[in-house]
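# Please find the sequence and the predicted model below.
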Amino acid sequence: MHELAVCQGLIGEVERVAALNGASEVTSVTVLIGPLSGVEIDLLQNAFPIARAGSVASEAELVVETGDIRVQCTGCGAQGPAAPNKLICSACGDWRVRVVSGDELLLKSVELSRAPASAN
Ligand SMILES: [Zn+2]
């Protein structure tokens, strides 16, 4: 299951961020998923509770943001939006385009909480 592996990778990153910041708990994890990333968001949401179990993010909610697709035309050089099933230049209609964004899968932000300091 691809999405579970993706989630486990995300939790690994989240744990690193939490450790760097001395956080005791992660409350929310926001990811940016491009329409061309090949990740099914429903499957990702289903896999997240499995991946987070036993980690610092065991109570965290998963927030998914979807990005836009943008392509750059190798013919006329224009950059513009495109649809997932129609990757063509919006200016001249050329199909020889390079994907600029839309295939990303990024950990965008992590909300942390710290245990109250006990010594003061
Ligand atoms: Zn063009």
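The structure has been received and is ready for your questions.
# C-alpha only now, for contacts and for neighbours.
Noted.
# Beta-bridge partners for L112, please?
Judged by DSSP bridges, the bridge partners of L112 are V26.
# I figured C7 hits A51, correct?
Yes. Using CA atoms under 8 Å, C7 is in contact with A51, at 5.9 Å.
# Would you tell me which residues of the protein are close to the ion?
Contact residues, the chain versus the ion (CA under 5 Å from the ion): 73, 76, 89, 92.
# again, only this time at 6 Å
73, 75-78, 89, 91-94 (CA under 6 Å from the ion).
# could the residues you listed go into JSON lines alongside secondary structure and neighbour count?
As requested, the residues of the chain next to the ion are exported to JSON lines (DSSP: H, G, I helix; E, B strand; the rest coil; neighbours: other CA atoms under 10 Å):
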{"residue": "C73", "secondary structure": "strand", "neighbour count": "24"}
{"residue": "G75", "secondary structure": "coil", "neighbour count": "13"}
{"residue": "C76", "secondary structure": "coil", "neighbour count": "14"}
{"residue": "G77", "secondary structure": "coil", "neighbour count": "14"}
{"residue": "A78", "secondary structure": "coil", "neighbour count": "14"}
{"residue": "C89", "secondary structure": "coil", "neighbour count": "25"}
{"residue": "A91", "secondary structure": "coil", "neighbour count": "14"}
{"residue": "C92", "secondary structure": "coil", "neighbour count": "12"}
{"residue": "G93", "secondary structure": "coil", "neighbour count": "13"}
{"residue": "D94", "secondary structure": "coil", "neighbour count": "14"}
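# Widest-spaced pair of these?
G77 and G93 (11.7 Å; CA to CA).
# Could you list the low-confidence segments of the protein?
Applying pLDDT under 70 to the chain flags residues 1, 116-120.
# Quick one: the strands in it, in order.
25-33, 61-66, 70-73, 79-81, 97-101, 105-113 (DSSP state E).
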